[in-house]
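> Here is a sequence together with a model predicted from it:
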Amino acid sequence: MKNTNMKNTTFKCCIGECNHILQINSQLITHHIENCHQQALIQLNLIKYAYYCATCDTYANQIHYHCKSCEFRGLSKYDLRYHNNLYHKKWLLAPNCYKNQDCLDDNCKYNHYYYEKNYIIERKDEIPMSICEYDLPWIYIRCSKENCNKDHFYSK
């Protein structure tokens, strides 16, 4: 029977044919690199400790965090959160009106155009002309027109 906890706390050295099984512990990793991989020690330019990144399957001289949606790598959880909010946060569109563009109700609060997806990622997607130019939730600006005939983002 396998010990699943052991699998999460150990890894196989990622340098060449080394095959040493190491614990995920920066002091032990640093000690292994110092004793077995002098060239890696030079390349890492260690300040204090070496770290193993399972996502990169390599050693690094500092802890870093990976975006699950792109190649971004941040040095802190704050960097990663900021990146995700800027480049991956989905802004939901308001629900569609069942009458679509045939709607004659000036007070209808639903969207009247068809969109392939029900959200927009502000830094990735082109914002259609049918979306109100005064509805910009990513900078906390919302359309305040009483009878705006354009489509809008979902509002809580």
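That came in fine, so what should we check first?
> mind checking the SS state of Asn8?
helix (DSSP: H, G, I helix; E, B strand; the rest coil).
> how much space between it and Ala54?
10 Å (Cβ to Cβ, to the nearest Å). Where C-beta positions appear, they are placed from N, C-alpha and C, glycine not excepted.
> who's in contact with Cys56?
Residues in contact with Cys56, defined by Cβ atoms under 8 Å, 6 or more residues apart in numbering, are His66.
> now do 10 Å
With contact set as Cβ atoms under 10 Å, 6 or more residues apart in numbering, Cys56 has these partners: 14, 64, 66, 73.
> From those, which land in strands?
Under the assignment DSSP state E, these contribute 66, 73 to strands.
> So Tyr119 sits against Lys89, correct?
Yes: using Cβ atoms under 10 Å, Tyr119 is in contact with Lys89, at 9.2 Å.
> joint contacts of Asn8 and Ala54?
Common neighbours of Asn8 and Ala54, using Cβ under 10 Å, 6+ apart, are Ile24.
> ok so, going back, with distance to Tyr98 and neighbour count as extra columns, can I get the contacts of Cys56 in JSON lines?
As requested, the contacts of Cys56 are exported to JSON lines (distance: Cβ to Cβ, whole Å; neighbours: other Cβ atoms under 10 Å):
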{"residue": "Cys14", "distance to Tyr98": "56", "neighbour count": "15"}
{"residue": "His64", "distance to Tyr98": "48", "neighbour count": "16"}
{"residue": "His66", "distance to Tyr98": "42", "neighbour count": "15"}
{"residue": "Arg73", "distance to Tyr98": "45", "neighbour count": "16"}
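> Distance across stretch 33-46, terminal residue to terminal residue?
11 Å (Cα to Cα, to the nearest Å).
> Of all the residues in it, which ones are buried?
33, 37, 40-41, 44, 46 (16 or more other Cβ atoms under 10 Å).
> Then stretch 66-73?
Quick answer for stretch 66-73 (16+ other Cβ under 10 Å): Arg73.
> Any chance you could list what contacts it?
53-56, 60, 64-65, 74, 79-80, 83-84, 87-88, 121, 124.
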